[in-house]
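**Q** got a structure for you, letters missing:
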């Protein structure tokens, strides 16, 4: 069973229902082109429900999925989560030593 945001996105693609605010955030839908790219990939069978579920909140994965469709290979995705967690990859040795404060 897909996550609620994934189910909502797929319902919007398949049935033309309105996107939820969560879809815009979780799937990095910054423009109508971003929604169209995901929609094209779903309709062409290039992206599965499970792949969308796994890519939720991950701009790099969403970009990789959409790049399967030649028309959208240059479109880039990013989500708010990418920005919130971008510092997770920092080297811990760069942190200030609290004993030197």
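**A** Received it, and whenever you're ready, just let me know what you need. Computed from a prediction, not measured in an experiment: that's the story for all the values here.

**Q** burial count for the closest residue to residue 26 other than its chain neighbours?
**A** If the residues on either side of it in the chain are set aside, residue 26 comes closest to residue 5, at 4.4 Å by C-beta to C-beta, 6 or more residues apart in numbering. To be clear about C-beta, it is placed using only N, CA and C from the backbone, and glycine gets the same treatment. Neighbourhood size, residue 5 [other C-beta atoms under 10 Å]: 21.

**Q** so residue 82 touches residue 58, yeah?
**A** Yes - Residue 82 is within contact range of residue 58, at 7.1 Å (criterion: C-beta atoms under 8 Å).

**Q** SS state for the residue nearest to residue 26?
**A** Secondary structure for residue 5, judged by DSSP: H, G, I helix; E, B strand; the rest coil, is helix.

**Q** Contact partners for residue 29?
**A** 19, 23, 35, 38 (C-beta atoms under 8 Å, 6 or more residues apart in numbering).

**Q** Would you reformat these as JSON lines and include pLDDT?
**A** Below are the contacts of residue 29 laid out as JSON lines (pLDDT from 0 to 100):
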{"residue": "19", "pLDDT": "95"}
{"residue": "23", "pLDDT": "95"}
{"residue": "35", "pLDDT": "97"}
{"residue": "38", "pLDDT": "97"}
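
**Q** Closest one to residue 12 out of those, please.
**A** Nearest to residue 12 out of the contacts of residue 29 is residue 19 (C-beta to C-beta; 4.9 Å).

**Q** so what's the backbone phi/psi at that closest one?
**A** Main-chain torsions, residue 19, degrees, to the nearest 10: phi -70, psi 140.

**Q** host element of the residue nearest to it when sequence neighbours are not counted?
**A** Distances taken as C-beta to C-beta, 6+ apart put residue 12 closest to residue 19, at 4.9 Å, once the chain neighbours are dropped. Assigned by DSSP states H and E, residue 12 belongs to helix 4-15.

**Q** Could you list the low-pLDDT ranges of this protein?
**A** For the chain, the stretches flagged by pLDDT under 70 are 87-101.

**Q** Okay, helices next: where are they in it?
**A** 4-15, 21-26, 32-43, 49-55, 59-66, 80-84 (DSSP state H).
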